[in-house]
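Participant: After the sequence you'll find the predicted model.
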Amino acid sequence: MRVPKTLPIVVLAVLALVGLATPASAAVGKYVALGDSYSSGLGAGSYGSSGSCKRSANAYPQLWANSHAPSAFTFAACSGAVTQDVLNGQVGSVTSDTALVTISIGGNDAGFANVMTECNLSSDSACVSRNQTAQNFARTTLPGRLDSVYRAIRDRAPSARVVVLGYPRIYKTSGSCVVGLSETKRAAINQSADVLATVTSGRAAAFGFTFVDTRTTFTNHEICASGTRWLNSVTWPVEESYHPNTTGQNSGYYAALRAVTG
Ligand SMILES: CCCCCCCCCCCCCCCC(=O)Oc1ccc([N+](=O)[O-])cc1
């Protein structure tokens with residue numbers, strides 16, 4: 001076997017060229033953060049001048065932008081948003097050169113605030129019934145609404161990576177819990193979270209989007225869990241109740257997002 005004397009030099013030259021053409025870390029393109037209060041960071045404080053949208057400096061989209069230095073960052077998520085709000089007021093920020101889109105949406109369409117209010121003020125059976133209504137809505141009406149949002153994102157940015165982040169279970173169910181609702185109510189609310197996760201992950205997959213299941217990230221950090229709690233219980237302002245706190249945004253949502261984006 002005869003190896004030409006010039007081969008090592010050629011190999012080195014090729015390696016050098018490849019090295020020059022490849023930056024130490026890949027450049028990060030434009031990032032647009034869409035969604036509701038779980039993405040705006042309501043519950044995590046430091047809302048700056050974002051008004052009623054309550055975009056927190058501690059929210060996972062801001063944490064991701066701080067650490068990844070995208071070429072542009074649009075924080076469009078807004079507290080209380082339903083799917084139609086994303087279509088009307090948020091998705092316009094997504095453009096053909098957007099590289100990454102993140103979103104959490106659908107919980108308000110399914111009646112999140114009404115469910116939590118009913119379960120706090122009414123009987124076990126009323127809470128269970130209200131959750132069944134929400135679950136029925138999530139299975140029948142919500143898929144079409146999610147499809148409209150996901151289609152709009154894909155149409156506007158066909159080559160963007162789209163990461164759909166789900167909602168955690170709010171409660172730990174086993175064991176006693178002074179700050180929490182009855183076991184029956186907690187189980188019913190968690191079942192709604194499970195239905196939302198199933199429906200949302202299914203629609204995300206249909207569009208080739210990445211679904212991040214935050215139920216697993218938040219495990220043992222729910223309300224009534226013995227570990228550090230990552231969600232507010234009933235708190236003041238009331239609208240911040242049942243939302244991720246600073247640690248929930250960081251160790252729950254941001255960590256789960258980084259697990260799929262690097
Ligand atoms: C649909 C049944 C919900 C039962 C609990 C299910 C598990 C957790 C699901 C969480 C879904 C939260 C999505 C909504 C987040 C959000 O924007 O909340 C709001 C925040 C603020 C307002 N508000 O009016 O100020 C209204 C709503």
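Facilitator: Thanks, I have the structure now.

Participant: which residue packs closest to T210, ignoring adjacent ones?
Facilitator: Nearest non-adjacent residue to T210, counting by C-beta to C-beta, 6 or more residues apart in numbering: V163, 4.7 Å away. Backbone N, C-alpha and C define where each C-beta goes, glycine included.

Participant: now do R154
Facilitator: Nearest to R154 is F207, by C-beta to C-beta, 6+ apart, at 5.8 Å.

Participant: Tell me, how many residues neighbour the one you found?
Facilitator: 15 (other C-beta atoms under 10 Å).

Participant: Does it touch V162 like I think?
Facilitator: Yes. F207 is in contact with V162 according to C-beta atoms under 8 Å; the separation is 7.1 Å.

Participant: between the two, what contacts are shared?
Facilitator: Common contact partners of F207 and V162 (C-beta atoms under 8 Å, 6 or more residues apart in numbering): Y150, R154.

Participant: just to revisit the earlier point, what sits against the residue nearest to R154?
Facilitator: Per C-beta under 8 Å, 6+ apart, neighbours of F207: D147, Y150, R151, R154, V162.

Participant: Can you tell me how far it is from the ligand?
Facilitator: 20 Å (C-beta to the nearest ligand atom, to the nearest Å).

Participant: next one: E183
Facilitator: 16 Å.

Participant: mind listing what that residue touches?
Facilitator: By C-beta under 8 Å, 6+ apart, the neighbours of E183 are T173.

Participant: Can you select the buried ones from the contacts of F207 in PyMOL?
Facilitator: The buried residues among those can be selected in PyMOL (16 or more other C-beta atoms under 10 Å) with this line:
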select buried, resi 150+154+162
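
Participant: can you list the contacts of F207 in a markdown table and add secondary structure and distance to the ligand?
Facilitator: Below are those laid out as a markdown table (DSSP: H, G, I helix; E, B strand; the rest coil; distance: C-beta to the nearest ligand atom, whole Å):
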| residue | secondary structure | distance to the ligand |
| --- | --- | --- |
| D147 | helix | 18 |
| Y150 | helix | 17 |
| R151 | helix | 21 |
| R154 | helix | 22 |
| V162 | strand | 19 |
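
Participant: Would you reformat the contacts of F207 as a markdown table and include pLDDT?
Facilitator: Output for the contacts of F207, formatted as a markdown table (pLDDT from 0 to 100):
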| residue | pLDDT |
| --- | --- |
| D147 | 99 |
| Y150 | 99 |
| R151 | 99 |
| R154 | 98 |
| V162 | 98 |
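
Participant: how about the contacts of F207 in JSON lines, adding distance to R169?
Facilitator: Formatted as JSON lines, the contacts of F207 follow (distance: C-beta to C-beta, whole Å):
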{"residue": "D147", "distance to R169": "25"}
{"residue": "Y150", "distance to R169": "23"}
{"residue": "R151", "distance to R169": "29"}
{"residue": "R154", "distance to R169": "29"}
{"residue": "V162", "distance to R169": "24"}
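
Participant: Out of the contacts of F207, flag the one nearest to Y60.
Facilitator: V162 (15.3 Å; C-beta to C-beta).

Participant: wouldn't the closest one be in contact with T210 here?
Facilitator: Yes. Assessed by C-beta under 8 Å, V162 is found in contact with T210 at 7.0 Å.

Participant: Next, show the common contact partners of the two.
Facilitator: Joint contacts of V162 and T210 (C-beta under 8 Å, 6+ apart) are A204.

Participant: ok, back up a step: tell me the SS of the residue nearest to T210?
Facilitator: The three-state label given to V163 by DSSP: H, G, I helix; E, B strand; the rest coil is strand.

Participant: just S174 next, same as before
Facilitator: Criterion first, three-state DSSP; result for S174: coil.

Participant: Next up, the contacts around it.
Facilitator: Contacts of S174 by C-beta under 8 Å, 6+ apart: none found.

Participant: With the ligand as the reference, measure out to the residue nearest to T210.
Facilitator: V163 is 17 Å from the ligand, by C-beta to the nearest ligand atom.

Participant: Surely that residue and L100 touch.
Facilitator: Yes. Between V163 and L100 there is a contact under C-beta under 8 Å: 7.1 Å.
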